[in-house]
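**Q** Got a sequence here, can you build the structure:
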Amino acid sequence: MNQNVQPHSSAWVTFTYVSFAASVFMVAVGLFYLPIDLWMKGYLTMGIIMMVQCCVTLTKTVRDMHESGKLVNRIEDAKAERLLMEVSKAA
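**A** Predicted coordinates:
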């Protein structure tokens, strides 16, 4: 396990949740008070929901790719270490 990784503080996690909730609330209020037809509001709402979903998916994909890269590096480091140990035993 990588010991250099530090978990997020509870204050940071709370801040991110509150920021997300506040931004969703502000967009919803702005959309509600827009002087446009209901079908336009529905279209904008669908677009906003899809944009948020895409941001979450993109963030997860980038993180998964980063984590898999770290796993591959750890596996390759372990292979190299094992090879070096075998070479040092033979010498």
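**Q** Run through the chain and note the low-pLDDT ranges.
**A** Filtered on pLDDT under 70, the chain yields the residue ranges 1-5, 91.
**Q** Next one: the most centrally placed residue in the chain relative to residue 65, how far apart?
**A** The centre of the chain sits closest to residue 59, judged by C-alpha atoms, centre = their mean, with a distance of 3.4 Å. According to C-beta to C-beta, to the nearest Å, residue 59 and residue 65 sit 11 Å apart. Just so you know, the C-beta spots here come from the backbone N, C-alpha and C atoms, and that holds for glycine as well.
**Q** Can you give the contact residues for stretch 14-25?
**A** residue 52 (C-beta atoms under 8 Å, 6 or more residues apart in numbering).
**Q** Please state the offset of it from the chain centre?
**A** Relative to the centre of its chain, stretch 14-25 is centred 16 Å away, using C-alpha atoms, centre = their mean, to the nearest Å.
**Q** send the alpha carbons of that stretch over as CSV?
**A** The C-alpha atoms that make up stretch 14-25 are tabulated as CSV, following Å, rounded to 0.1, in the frame of the first residue of the first chain:
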residue,chain,number,x,y,z
THR,A,14,-17.9,18.5,3.9
PHE,A,15,-16.8,21.6,1.9
THR,A,16,-17.0,19.6,-1.4
TYR,A,17,-20.5,18.3,-0.6
VAL,A,18,-21.8,21.7,0.5
SER,A,19,-20.3,23.4,-2.6
PHE,A,20,-21.9,20.9,-4.9
ALA,A,21,-25.3,21.2,-3.1
ALA,A,22,-25.1,25.1,-3.2
SER,A,23,-24.2,25.1,-6.9
VAL,A,24,-27.1,22.8,-7.8
PHE,A,25,-29.5,24.9,-5.7
